[in-house]
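Enquirer: fold the following, please.
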Amino acid sequence: MTVAAEIVRSRGISLRAGLGLLLALVFPHLPVESPWVALVFVGGWLAYVIARVLLLREPGALRVIAAAPPSLPYFIGEGLFVSLALVLLLVWLDSAGLVVVPPGPAIVMVIAYLLFHTVVLYFLTGFLAGGVADDAKPRPRLRLFIRVAAFLAEESVLLAALAVTEGARVTALSEPWSLLDLLTAPLMGIVLLIFCYRPIAGISAAVTDAPLEIGEIVVLQAAALYVLAFTGSLPF
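Expert: Model (predicted):
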């Protein structure tokens, strides 16, 4: 790895670690019931979907996928959790009074996206990755757009993990609690990081010239969840 690549890699990890810690310390002060927060999650989900589709138009990313093609179980797991995120978004938007989707159309929407992601997108990705020309040049502007969109989606998943952790922490402290309660509070958030954050960060890795150590990033974000569980917030 060149020095420049190592700097890019370390900055990518440092940026995510710093934001994770900052969000963990200020999260209890955020107006999570505000419609604006719901819009953040909507934006994160849309950013992920757009980035995932645009990935099929970027030759450099397709070559990365062709070199290490994701397995079908990976796609199914990714599709299940992204569809679950869509369910949560619809519920959140309904509770905020922003968008009200009747149960029937909402179910059709979620199932349709699940089928698109786990069937159509799976075969389309494999087909395009296998047919990309060796001399096809990467598209820098598209790579940048995908990287930014994926990063926004990453942070929305982190916010969801923090919300789950904060809920578990508040519940634990509202009744007689032990150290074990705080140790287990971030577990569901960690599950979200593993199954949702990793695939989204994989999009960033496919369009980043320097290697992106996703495992390290997930560990750092999990540490941010424990910061929230044990400290609660900054003292203000």
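
Enquirer: for the helix ranked longest in the chain, packing partners?
Expert: Ordering each helix of the chain by length in residues (DSSP state H) puts helix 140-173 first. Using 3 or more CB pairs under 8 Å, 6 or more residues apart in numbering; DSSP states H and E, the elements in contact with helix 140-173 are helix 3-26, helix 35-54, helix 59-67, helix 72-96, helix 179-184, helix 187-192, helix 198-206, helix 214-231. All C-beta atoms are positioned from the backbone trio N, CA, C, and that covers glycine.

Enquirer: now do the buried residues in it.
Expert: Residues of helix 140-173 classed as buried: 142-143, 145-147, 149-166, 168-169, 172 (neighbour count, 16 or more other CB atoms under 10 Å).

Enquirer: report the secondary structure state of Glu175.
Expert: Per DSSP: H, G, I helix; E, B strand; the rest coil, the secondary structure class of Glu175 is coil.

Enquirer: from now on call the first residue 20
Expert: With 20 as the first residue, the last one maps to Glu194.

Enquirer: pLDDT at it, what is it?
Expert: pLDDT, Glu194: 77.

Enquirer: any idea how far it is from Leu41?
Expert: Between Glu194 and Leu41 the distance is 30 Å, computed by CB to CB, to the nearest Å.

Enquirer: more neighbours, these two?
Expert: Leu41 (12 against 7; other CB atoms under 10 Å).

Enquirer: quick one, phi psi at the residue lying closest to Ile95 once chain neighbours are set aside?
Expert: Nearest residue to Ile95 in three dimensions, chain neighbours excluded: Thr137, at 5.0 Å (CB to CB, 6 or more residues apart in numbering). Backbone geometry at Thr137, expressed as degrees, to the nearest 10, gives phi -90, psi -10.

Enquirer: Thr137 and Phe170, how far apart?
Expert: From Thr137 over to Phe170 the distance is 24 Å, taken as CB to CB.

Enquirer: so Phe60 touches Leu108, yeah?
Expert: Yes - using CB atoms under 8 Å, Phe60 is in contact with Leu108, at 5.6 Å.

Enquirer: coming back round to it: dump the helices and strands packed on helix 159-192 to TSV, plus mean pLDDT and distance to Leu147.
Expert: Converted to TSV, these look like this (pLDDT from 0 to 100; distance: least, CB to CB, whole Å):
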stretch	mean pLDDT	distance to Leu147
helix 22-45	65	26
helix 54-73	77	11
helix 78-86	84	6
helix 91-115	74	14
helix 198-203	82	43
helix 206-211	86	29
helix 217-225	78	13
helix 233-250	83	23
